[in-house]
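In: make a model of this:
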Amino acid sequence: MLKPELRLVTCLLLFLLGPLLRLSRADIGTASSYSPPYTPTACYGNDYSEFPTSNLFAAAGEGIWDNGAACGRQYMVRCISAPVPESCVPGQIIQIKIVDRAQTASSSPSRRSSSIVLSDTAFAAIANPAVDYLNVEYQQL
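Out: Residues are numbered from 1 along each chain as shown. Prediction:
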């Protein structure tokens, strides 16, 4: 059994350091890109009003599509590596909105079977657009 003083110090340390030790809820996957035309979409048809004005949006891969429940979901995405070294923009994290299903998107992704297919703008915000795909960390908001 710990002495009362040691127990107090241990509790204080856990209280102060606890937030730093939290488990990550982010997933790891791949991201590719796609270009216009972006409509019609599986989520919103031809309704461009559902697209973010920032053009930071994506089509959901089958792993996150969830029978259409992914429509409108927001994700934080960051590049963690790419086939070409130094292709990621260091420290850049973007927030995207799911507007389509990758499997049925109007334009083909740069690589099939990606977790997320980012709009050209979103892809270029986190990496060199010359690469075909990225390894990304993404977390639903």
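In: hang on, Ala125 in a helix?
Out: Yes. According to DSSP: H, G, I helix; E, B strand; the rest coil, Ala125 belongs to a helix.
In: please enumerate the strands of this protein.
Out: Secondary structure of the chain (DSSP state E): strands at 27-34, 57-60, 74-81, 93-101, 116-119, 133-140.
In: any chance of these in a markdown table, with distance to Pro40, mean neighbour count and mean pLDDT too?
Out: C-betas here are computed from N, CA, C, even on glycine. A markdown table is the format used below for the strands of the chain (distance: least, Cβ to Cβ, whole Å; neighbours: other Cβ atoms under 10 Å; pLDDT from 0 to 100):
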| stretch | distance to Pro40 | mean neighbour count | mean pLDDT |
| --- | --- | --- | --- |
| strand 27-34 | 14 | 20 | 97 |
| strand 57-60 | 12 | 27 | 98 |
| strand 74-81 | 21 | 18 | 98 |
| strand 93-101 | 9 | 22 | 98 |
| strand 116-119 | 15 | 28 | 98 |
| strand 133-140 | 24 | 19 | 97 |
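In: let me have the ones you listed in a markdown table, adding distance to Ala127 as columns.
Out: Below are the strands of the chain laid out as a markdown table (distance: least, Cβ to Cβ, whole Å):
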| stretch | distance to Ala127 |
| --- | --- |
| strand 27-34 | 8 |
| strand 57-60 | 14 |
| strand 74-81 | 5 |
| strand 93-101 | 10 |
| strand 116-119 | 9 |
| strand 133-140 | 5 |
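In: quick one, which of those is nearest to Ala42?
Out: strand 93-101 (4.0 Å; Cβ to Cβ).
In: figure out which of the strands of the chain is closest to Ser110.
Out: Closest among those, using Cβ to Cβ: strand 27-34, at 4.3 Å.
In: give me the angle between that closest one and strand 133-140.
Out: 120 degrees (axes from the mean of the first three to the mean of the last three Cα atoms, to 10 degrees).
In: just name the shakiest helix or strand of the chain by mean pLDDT.
Out: helix 4-17 (a mean of 55; mean pLDDT, DSSP states H and E).
In: ok so, going back, out of the strands of the chain, nearest to Ser108?
Out: The nearest among the strands of the chain, by Cβ to Cβ, is strand 27-34 at 6.8 Å.
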